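Got a predicted model here, sequence first, then my questions.
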Amino acid sequence: MLDLKLLQREPELVARALADRGSSLDVAEFTALDARRRALLGEVEALKAERNSVSAQVAERKRAGQDAADLIERMGEVNARIKALDQELETAQAGLDDWMLAVPNIPHESVPVGRDENDNPELSRWGEARTFSFAPKEHWELGEALGGLDFERGAKLAGSRFVVSRGWAARLERALANFFLDINTREHGYTEMLTPLMVNRQTMTGTGQLPKFAEDLFHLADWDYFLIPTAEVSLTNLYAGEIVDESELPMAFAAQTPCFRSEAGSYGKDTKGLIRMHQFTKVEMVRYTQPEASYENLELMRGHAEALLQRLELPYRVITLCTGDMGFAACKTYDIEVWLPGQGKYREISSCSNCGDFQARRMNLRYRPAGGGKPLYVHTLNGSGLPVGRTLVAVMENGQQEDGSIVLPRALRPYMDGLERIA
RNA sequence: GGAGAGGUAGCGAAGUCCGGCCGUAACGCGCUCGACUCGAAAUCGAGUUAGCUCAGAGAUGAGCUACGUGGGUUCGAAUCCCACCCUCUCCGCCA
């Protein structure tokens, strides 16, 4: 959520910033909603002030044993007015709230202006794309041939975009998840968490999935619970509504969870293989920082994600998302794309975002500055570190041999009882 | 699912029976500043809820709201009534 004061003060500036991300802001609508709310508020507050003072007079007279019938009678009319105005105010306030919750975050000044993914500048590259003496296969071919990935049975049990992993593939997913958590907790300073996989509406609103992107979520039929599309939701909302002490910042949490996404609107995209599933496992990193430290923390977190890929010897590149390609809640996002020889492309494997105070405002998450003083909004960041399924894809495609076997990265072998190759 | 207890500021907690100087909310802790000290601890003193509206350049001032959430009764609700949520204890059931 944006700062209401900023919108009141400089709506045109906000509108220009949002235009860069391809989102138009109806300044007139905002001004009307806010003016209406403020007018009603002024009116109803004056009446309530009157009621409060008259009530005090009534109390005084009663204590003195005097009659207060005239005062009480006068209040009947005032109360009727208050009731009517309160109702109008509630409608106006709700209208403004809905409007505010649907406005995306403002891009940071360092974010390149662009229209879509074609305008995302490359920031860096790591590793050499391996050359093959044969035509490299895609991961699903390898996975099915080696008996690890069973898409048919996944579809039978649930439907498309579900998979059953068997034997070495299931084991390798567990190995990857453990590897990510071990590095993140032992070396990168994250606290490991286990959180609910279903959350309520308020929590989903806090991080920005709701109210606008409900169609992307799985929602339970008989309970008002949503399956988390990422542990960002549960990890970022951990301190919602709280005031934490500045000395506790920065906080860093990592969690391995299943993620559930409806993938509405992605029909025909990545229909084969593990790239786009309704359910996948991911290790997520979330950081809470002071405002002045959030961009350096973004760089730090991107480094954490990169380190994981480097240890797995997977070539990748980093791109900065341009204004037009960023997610709803982000001020700035780096995408890390891993090289997939089977596809002959770099594909997104991690997305690291600084959301500034956008989510903190929605969930009322603040910190108390060290020297005392008014609470301030925390800045929240999130990044994949890393998604297990997509990393499995990268490990398989990059490690594949001409005979169809897969050589595992050295870092993973201790997690596989020393196994070097899947054949 | 049954019975009981509870939800009040950063934390703990009083107030609820009997509605009105009890919400800048007793008391305690914590925190901030000061005194004492070579310094610290201890002690002593002062301060310390948040959001919104209006006014002001600002310091600030006036007002409204908030006692789990949402309704209701009333001139007036932390206090009375209704529904729901959550926590704890016991019982039942269950991985």
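Nice, thanks for sending it over. Numbers count the residues shown, from 1 in each chain, chains lettered A, B, ... in the order given.

In the stretch 101-250 of chain A, what residue comes closest to RNA strand B?
A:Ile243 (4.7 Å; C-beta to the nearest atom of the strand). Backbone N, C-alpha and C define where each C-beta goes, glycine included.

got a list of what that residue touches?
Counting by C-beta atoms under 8 Å, 6 or more residues apart in numbering, A:Ile243 touches A:366-368, A:375.

Give the burial count for the residue nearest to A:Ser262 when sequence neighbours are not counted, as a bare number.
Nearest residue to A:Ser262 in three dimensions, chain neighbours excluded: A:Asp216, at 5.4 Å (C-beta to C-beta, 6 or more residues apart in numbering). By other C-beta atoms under 10 Å, 17 other residues sit near A:Asp216.

re earlier: filter the contacts of A:Ile243 by proximity to RNA strand B?
A:368, A:375 (C-beta under 7 Å from any atom of the strand).

Give me the subset of the contacts of A:Ile243 lying in strands.
A:366-368 (DSSP state E).

Any chance of those in TSV with neighbour count as columns?
Below are the ones in strands among the contacts of A:Ile243 laid out as TSV (neighbours: other C-beta atoms under 10 Å):
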residue	neighbour count
A:Arg366	19
A:Tyr367	25
A:Arg368	16
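
all helices for chain A, in order.
A:4-9, A:11-20, A:27-63, A:69-101, A:139-145, A:151-157, A:168-186, A:201-207, A:231-236, A:294-311, A:358-363, A:388-399 (DSSP state H).

what's near enough to touch A:Glu29?
Here A:Glu29 is in contact with A:Trp99 (C-beta under 8 Å, 6+ apart).

quick one: it and RNA strand B, what's the gap?
According to C-beta to the nearest atom of the strand, to the nearest Å, A:Glu29 stands 17 Å off from RNA strand B.

residues from chain A in reach of RNA strand B?
A:4-5, A:8, A:38, A:41-42, A:44-46, A:48-49, A:51-56, A:58-59, A:62-63, A:68, A:71-72, A:75-76, A:79, A:90, A:243, A:368, A:371-372, A:374-375.

Repeat the analysis, applying 6 Å as the threshold.
A:38, A:41-42, A:45, A:48-49, A:51-52, A:54-55, A:58-59, A:62, A:72, A:75, A:79, A:243, A:371-372, A:374-375 (C-beta under 6 Å from any atom of the strand).

Look up how far A:Val58 lies from A:Ile82.
With distances taken as C-beta to C-beta, to the nearest Å, A:Ile82 is found 16 Å from A:Val58.

The two - which one has more neighbours?
The neighbour comparison of A:Ile82 against A:Val58 (other C-beta under 10 Å) goes to A:Ile82, with 19 against 16.

Now do the same contact list for the nearest residue to that one once chain neighbours are set aside.
What sits nearest to A:Ile82 in space, not counting adjacent residues and going by C-beta to C-beta, 6+ apart, is A:Leu47, at 5.0 Å. A:Leu47 makes contact with A:78, A:81-82, A:85, according to C-beta under 8 Å, 6+ apart.

Strands of the stretch 201-350 of chain A, residue ranges please.
A:225-227, A:243-245, A:251-260, A:279-289, A:316-320, A:332-340, A:345-354 (DSSP state E, counting those that start in this stretch).

Let me know how buried the residue lying closest to A:Leu41 once chain neighbours are set aside is, in neighbour terms.
Excluding the flanking residues, the one nearest A:Leu41 by C-beta to C-beta, 6+ apart is A:Leu89, at 6.3 Å. Burial measure for A:Leu89: 20 neighbouring residues, criterion other C-beta under 10 Å.

separation between A:Leu89 and A:Ala39?
In terms of C-beta to C-beta, A:Leu89 sits 9 Å off from A:Ala39.

Surely A:Asp20 and A:Pro107 touch.
Yes. Between A:Asp20 and A:Pro107 a contact is recorded at 6.0 Å, counting by C-beta atoms under 8 Å.

neighbour-wise, which of these two wins?
The neighbour comparison of A:Asp20 against A:Pro107 (other C-beta under 10 Å) goes to A:Pro107, with 22 against 18.

quick revisit: show the pLDDT at the residue nearest to A:Ser262.
A:Asp216 is assigned 95 on the pLDDT scale.

ok, now which ones touch it?
A:209, A:229, A:261-265.

now A:Arg302
A:Arg302 touches A:318, A:334, A:336, A:352, A:383, counting by C-beta under 8 Å, 6+ apart.

Which pLDDT value goes with it?
pLDDT, A:Arg302: 98.

And for A:Pro369?
Taking A:Pro369 on its own, its pLDDT is 86.

Kindly report the same for A:Pro112.
Taking A:Pro112 on its own, its pLDDT is 97.

For it, give me its contacts.
A:119-121, A:320, A:322-323 are the contacts of A:Pro112 under C-beta under 8 Å, 6+ apart.

Could you turn the buried ones of those residues into a ChimeraX selection?
If you want just the buried ones from the contacts of A:Pro112 in ChimeraX, going by 16 or more other C-beta atoms under 10 Å, the selection is:
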select /A:120,320,322,323
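
so which of the contacts of A:Pro112 comes closest to A:Met396?
Each of the contacts of A:Pro112 was checked against A:Met396 using C-beta to C-beta; the closest is A:Asn120, at 26.1 Å.

residue contacts, the residue lying closest to the closest one once chain neighbours are set aside?
Nearest non-adjacent residue to A:Asn120, counting by C-beta to C-beta, 6+ apart: A:Ile319, 4.4 Å away. Neighbouring residues of A:Ile319 by C-beta under 8 Å, 6+ apart: A:120-123, A:334-335, A:337.

again, 10 Å this time
A:112, A:117, A:120-124, A:325, A:333-337, A:346, A:348 (C-beta atoms under 10 Å, 6 or more residues apart in numbering).

tell me, how many neighbours does A:Arg347 end up with?
So A:Arg347, with other C-beta under 10 Å, has 17 neighbours.
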